[in-house]
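J.: Return atomic coordinates for the entry below.
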Amino acid sequence: MTIHYSFYSVHLFIWQPRANLLGVIGSKLTGINSIYLSCLVVSGLIIKYKKEIKNYLFLLCVILIPISLIIIYQSPNLILYILGIILLGLSNGMIAPQIMSTVHYFIPDEVRSSVISLLSSLSSIFLIFLQLTIGKILDIKGNYYLEILCILFGIIHIICITLILKWLKK
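T.: Prediction:
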């Protein structure tokens, strides 16, 4: 889940500055964010009513997260930017509930709350350092290295999700 939150950290750093460069200012930013949040809701409803998501669709959503971040960051116009926001919202909404629902397979009931609390704390510490790193990359190196970071996180995320899916099939 930490890798998933890492993508969200990258999203937080790039979505608003890029929207500003494309001419979206002030209250229009709320509209862009509401598109993202609406896509989360739509994909959450799809997950709720379609009880089982196919593994290939799940992996496709995992692959689309770093791609959508790169689309958002590199978009030359507002239409492509909004397409990236929609892809990110739909992909995140498909993956996050699936990841969270697998927790009970890995952690026994007796210690689940303690383990989740510990993992959440460790994840928060990691994300603090990650956000500092992302900020430094943007200040010094620019978007090329941020895109490489997105691709690296994407590869790690795909490996983790693939291992979870294999483990769940056993």
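
J.: what about Cys160, distance to Leu59?
T.: Distance of Cys160 to Leu59, given as Cβ to Cβ, to the nearest Å: 11 Å. Just so you know, the C-beta spots here come from the backbone N, C-alpha and C atoms, and that holds for glycine as well.

J.: what do you get for Ser43?
T.: Taken as Cβ to Cβ, the span from Ser43 to Leu59 is 15 Å.

J.: Name the residue in the two with the higher neighbour count.
T.: Ser43 (21 against 16; other Cβ atoms under 10 Å).

J.: Gly44 is in contact with Pro97, correct?
T.: Yes - using Cβ atoms under 8 Å, Pro97 makes contact with Gly44 at a distance of 6.3 Å.

J.: Give the other helices and strands that the longest helix along the chain contacts.
T.: Ranked by number of residues, the top helix in the chain under DSSP state H is helix 112-140. Here helix 112-140 touches helix 2-21, helix 103-106, helix 143-169, going by 3 or more Cβ pairs under 8 Å, 6 or more residues apart in numbering; DSSP states H and E.

J.: what mean pLDDT would you report for the longest one?
T.: Pointing back at helix 143-169 there. Helix 143-169 shows a mean pLDDT of 75 in the predicted model.

J.: can you check stretch 86-97 too?
T.: Per-residue scores along stretch 86-97 average to 84.

J.: could I get that stretch in PDB with only the CA atoms?
T.: C-alpha atoms of stretch 86-97 as PDB (Å, rounded to 0.1, in the frame of the first residue of the first chain):
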ATOM      1  CA  ILE A  86      -9.700  10.500 -15.300                       C
ATOM      2  CA  LEU A  87      -7.300   7.600 -15.900                       C
ATOM      3  CA  LEU A  88      -5.600   8.200 -12.600                       C
ATOM      4  CA  GLY A  89      -9.000   8.400 -10.700                       C
ATOM      5  CA  LEU A  90     -10.400   5.300 -12.300                       C
ATOM      6  CA  SER A  91      -7.200   3.300 -11.800                       C
ATOM      7  CA  ASN A  92      -6.700   4.300  -8.200                       C
ATOM      8  CA  GLY A  93     -10.400   3.600  -7.500                       C
ATOM      9  CA  MET A  94     -10.100   0.100  -8.800                       C
ATOM     10  CA  ILE A  95      -6.800  -0.800  -7.100                       C
ATOM     11  CA  ALA A  96      -7.100   0.700  -3.600                       C
ATOM     12  CA  PRO A  97     -10.100  -1.300  -2.400                       C
END
